[in-house]
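Chemist: sequence? don't have it. structure:
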């Protein structure tokens, strides 16, 4: 009986230690969410403005540019998948990977070869564990994105899109990430960045009906579209960062609450075991006293 009490005491002690870790991680995530949301909100006006500008150029009837022309029979697509570097964020990375798997299955059904590009160690581990190929991976600071990484991603993907498919190029570019809607809702989404398409958020924004270009629209697109891709990727990274921190904050709060429940459960079991031990000792004392009196 004493051994059972020691087991419960050890469980209470270890669970209490884990609870402290969970609470600390919850507080860290909570303190960083505000900054992450502010960065995401600050990047939105630039991304929307450059999208409107690129959309206006692309709508010119006489503009023919490789980055705005959709292939009649696309053969290959690049898919940039954004997950987290660390765990303890609930189903955050799992939901993104499930969404990407649906996209890959749809592309395969249409006869399009998908070339994954990964952001975050969770995506890398997912592909490595299944011995699946990917073209490039970026890791580090997924909860605090850096614009240099977004620039590197954008440059590589635009180069792939500019190449012919026979030379390893792609016909389409997709982005899979988690969109931050609120502290309690973050939704994994798919966005097609290339060929250029006006998204719903772009349609809600006014587009200037006419631009004069200097020197010409094609050269303007040469300059704008890489910046457009970079800004959209970086904006998605910031949205994903805020979503990751919000998911981690919820997961750690839930884990701390579960730890409290376990501590209460183990405390009750320990007290019951202690009461049973006392009862047994009293019974033995009474039985011994009866034996002595009867003798």
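Modeler: On my side now, so go ahead. These numbers were taken from a predicted model, which means no experiment stands behind them. Numbering: from 1, shown residues only.
Chemist: Residue ranges in the protein under the pLDDT threshold?
Modeler: For the chain, the stretches with pLDDT under 70 are 1-2, 58-71, 197-214, 295.
Chemist: For it, just list every one of the helices.
Modeler: 2-58, 92-109, 121-129, 147-162, 200-203, 217-294 (DSSP state H).
Chemist: by contact count, what packs against the third one?
Modeler: Under the contact criterion of 3 or more CB pairs under 8 Å, 6 or more residues apart in numbering; DSSP states H and E, the helices and strands touching helix 121-129 comprise helix 92-109, strand 113-119. All C-beta spots, glycine's among them, are computed from the backbone N, C-alpha and C.
Chemist: Figure out which of the helices of the chain is closest to residue 169.
Modeler: Nearest to residue 169 among those is helix 147-162 (5.6 Å), distances taken as CB to CB.
Chemist: Which other helices and strands does the closest one contact?
Modeler: When contacts are defined as 3+ CB pairs under 8 Å, 6+ apart, helix 147-162 sits against strand 76-82, strand 113-119, strand 136-138, strand 172-182, strand 185-194, helix 217-294.
Chemist: list the buried ones in the second one?
Modeler: Of the residues in strand 113-119, those buried under the neighbour-count criterion (16 or more other CB atoms under 10 Å) are 114, 115, 116, 117, 118, 119.
Chemist: of these, closest to residue 156?
Modeler: residue 117 (7.7 Å).
Chemist: thinking the closest one is in contact with residue 134, fair?
Modeler: Yes. Counting by CB atoms under 8 Å, residue 117 touches residue 134, with 6.7 Å between them.
Chemist: can the helices of the chain go into TSV with extra columns for mean neighbour count and distance to residue 180?
Modeler: Below are these laid out as TSV (neighbours: other CB atoms under 10 Å; distance: least, CB to CB, whole Å):
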stretch	mean neighbour count	distance to residue 180
helix 2-58	16	6
helix 92-109	17	11
helix 121-129	18	18
helix 147-162	18	17
helix 200-203	10	14
helix 217-294	17	4
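Chemist: Residue 78 is nearest to which of the ones you listed?
Modeler: helix 147-162 (5.5 Å).
Chemist: do you know how far residue 82 is from residue 40?
Modeler: 13 Å (CB to CB, to the nearest Å).
Chemist: An error on my part: the question was meant for residue 102.
Modeler: Taking CB to CB as the measure, residue 102 falls 25 Å from residue 40.
Chemist: same question, residue 124
Modeler: For residue 124, the distance to residue 40 - CB to CB - is 24 Å.
Chemist: next one: residue 73
Modeler: Distance from residue 73 to residue 40, counting by CB to CB: 37 Å.
Chemist: what about residue 168, neighbour count?
Modeler: 11 (other CB atoms under 10 Å).
Chemist: swap in the one 4 residues further on?
Modeler: By other CB under 10 Å, the residues close to residue 172 number 20.
Chemist: Verify the contact between it and residue 192 for me.
Modeler: Yes. With contact defined as CB under 8 Å, residue 172 reaches residue 192; the gap is 6.5 Å.
Chemist: Quickly list the domain ranges of this protein.
Modeler: For the chain, automatic domain parsing gives the domain ranges 2-24+252-294, 39-250.
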